[in-house]
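Q: Quick one, structure for this:
(2 chains)
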Amino acid sequence: MNNDLKPNLMDRVQATDPASLPPGIISSIERHKARVAELVTALRGAGMSDDIIDSSVRSVVASYEQELVKALRDLEA
Amino acid sequence: MLSLNKHSDALLDEHGRICALERYSVLDTQPEPGFEKITSVIKTIFEVPMVAISLIDRERQWFKSIQGFDKSETPRSASFCNHAIKTRECMVIPDASADPRFANSPLVLGPPFVRAYAGAPLETPESYNVGTLCVFDTRPREFNPKEIEVLRNFAGLVVEELELRQAAARDCQTNLLGRHAFAQAVERVLRQAVQSAATASLVIFDLDHFKSVNDTWGHPAGDAVIKAVAATCSEEKRPEDILGRIGGEEFGMIMPNLAGEAAIAAAERMRRVVEEAVAPDWPEIRFTGSFGVADLDPDVANASIWMASADAALYRAKAGGRNRVAT
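A: Sure thing, here's the model as predicted:
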């Protein structure tokens, strides 16, 4: 995960009035969290090393985070 | 049972599938680091030379991200993924040269010389398979169920990213496209219609005397009316029509492959359902809308001109007495 972005991103999500967010965003964040947990389980089940699991989680979280930042910027615009 | 039927029907509904794909507005966009990272990490996990996020368009498969193959698209007819989207399960081909469906495929006989394939459908929340997340190998190999589960999980995460973009483009009150996303959709439909010499119409409509609803009944009532109009029009429109909220009480609807009298008739149906709509908890409030329709004529050079043309028609509907359709 991009540590430079994380605090800023979380601040912005938490500071945003949920009523001003499109309803799909909050549910998307929840679904993504659940899917990442499932991915970790699947990677462990497939016998992947901790390094592979770490880099996989980092990749999917960073990718989603970029989308989320862009989404919040678009909402603010 | 209804949801089960819808789930399986979506596999046969090619028109709905294409509409679902187009809603993502992702075709022919630039490569993006997020998706590149995902395919890169999958390449490492599966130890394969090729990985792709493949989207199945009408006549082609187009790669949002691809590792190990230097093409952005191939004909749909040659695509492994075109078969994979026809099932809910992951499709696994251990040896393509031994499979009569693929043995003579140009992708098997020539570059990139595919021998083994595994593809997990990219399934939207409406159960449409818009493409796959897939891995290829140049030698025969098996993919065990645990590997397939990993691929399936990554596919779900790819869909979730595409869904996030959709969610962000939505108006928070009505869940319709917001103004910016609607304007982008107008541009996209215009471009596609010009490329394929197809027709299209644009409708801009707004609620008559909406200010008096807010003034008389208060803003919660006004909000309920806006939501009722959005819900009613969403039910009335065709699946391929694109509806947006472009202002407070102003809406837009793009109608691909529809023009002239048929477009006016569609707008008239919409006018009627708005007139008959009831806001929950506020059945005493009556409201109507005025509608402006503009076909995509040859003299429409860009999206701004098209929207201005529909807006001018809306003005004529207002000037003509409201609660009517004008061109």
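Q: Any buried residues in stretch B:137-156, and which?
A: In terms of neighbour count (16 or more other CB atoms under 10 Å in any protein chain shown), stretch B:137-156 has its buried residues at B:137, B:141, B:143, B:147-156. In this view, the C-beta of every residue, glycine as well, is placed from N, C-alpha and C.
Q: Distance-wise, check B:Gln99 relative to chain A.
A: Rather than Gln, residue B:99 is Asp. Going from B:Asp99 to chain A by CB to the nearest CB, to the nearest Å gives 25 Å.
Q: Domain map for chain B?
A: Here the domain parsing of chain B from automatic domain parsing is B:2-167, B:179-326.
Q: of the ones you listed, which approaches A:Arg58 most closely?
A: Of all the domains of chain B, it is domain B:2-167 that lies closest to A:Arg58, at 8.5 Å by CB to CB.
Q: Give the residue farthest from the middle of the chain.
A: Using chain A. The outermost residue of chain A relative to its centre, with distances by CA atoms, centre = their mean, is A:Gly47 at 24.2 Å.
Q: Not quite, go with chain B.
A: No residue in chain B sits farther from the centre than B:Thr216, which is 38.4 Å out by CA atoms, centre = their mean.
Q: ok, longest helix in the chain?
A: All of this refers to chain A. helix A:50-76 (DSSP state H).
Q: To clarify, I was referring to chain B.
A: helix B:145-168.
Q: before we move on, the earlier item: look at the residue farthest from the centre of chain B and tell me its secondary structure.
A: Of the three states, B:Thr216 takes helix under DSSP: H, G, I helix; E, B strand; the rest coil.
Q: Look up phi and psi at B:Arg170.
A: The phi/psi pair for B:Arg170 (degrees, to the nearest 10) reads phi -90, psi 150.
Q: close enough to count as contact, B:Gly289 and B:Ile204?
A: No. Counting by CB atoms under 8 Å, B:Gly289 does not reach B:Ile204; the two are 10.4 Å apart.
Q: what's in contact with stretch B:58-65?
A: Surrounding stretch B:58-65, the residues in contact under the criterion CB atoms under 8 Å, 6 or more residues apart in numbering or on different chains are B:18, B:26-29, B:31-32, B:35-36, B:38-39, B:51-55, B:69, B:71-76, B:79, B:81-82, B:131.
Q: near chain A too, which of these?
A: Among the contacts of stretch B:58-65, the residues that sit close to chain A (CB under 8 Å from any CB of the partner chain) are B:35, B:38.
Q: taking the contacts of stretch B:58-65 one by one, which sit in strands?
A: Among the contacts of stretch B:58-65, the subset assigned to strands under DSSP state E consists of B:51-55, B:73-75, B:131.
Q: which one of those residues has the most neighbours?
A: In terms of neighbours by other CB atoms under 10 Å in any protein chain shown, those top out with B:Gly131 at 33 neighbours.
Q: Would you confirm that that residue contacts B:Glu123?
A: No. Checked against CB under 8 Å, the pair B:Gly131 and B:Glu123 is beyond contact range at 9.7 Å.
Q: quick one: low-confidence ranges for chain A?
A: Applying pLDDT under 70 to chain A flags residues A:1-20, A:76-77.
Q: Quick check: residues of it near chain B?
A: Taking CB under 8 Å from any CB as the criterion, chain A approaches chain B at residues A:19-25, A:27-28, A:31-32, A:35-36, A:38-39, A:42-43, A:45-48, A:52, A:55-56, A:59-60, A:62-64, A:66-68, A:70-72, A:74-75, A:77.
Q: wait, does stretch B:170-187 contact chain A?
A: Yes. Stretch B:170-187 lies within reach of chain A by CB under 8 Å from any CB, at B:170-172, B:175, B:178, B:180.
Q: could you dump these to a markdown table with secondary structure and pLDDT?
A: A markdown table is the format used below for the residues of stretch B:170-187 next to chain A (DSSP: H, G, I helix; E, B strand; the rest coil; pLDDT from 0 to 100):
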| residue | secondary structure | pLDDT |
| --- | --- | --- |
| B:Arg170 | strand | 85 |
| B:Asp171 | coil | 87 |
| B:Cys172 | coil | 83 |
| B:Asn175 | coil | 86 |
| B:Gly178 | coil | 88 |
| B:His180 | helix | 85 |
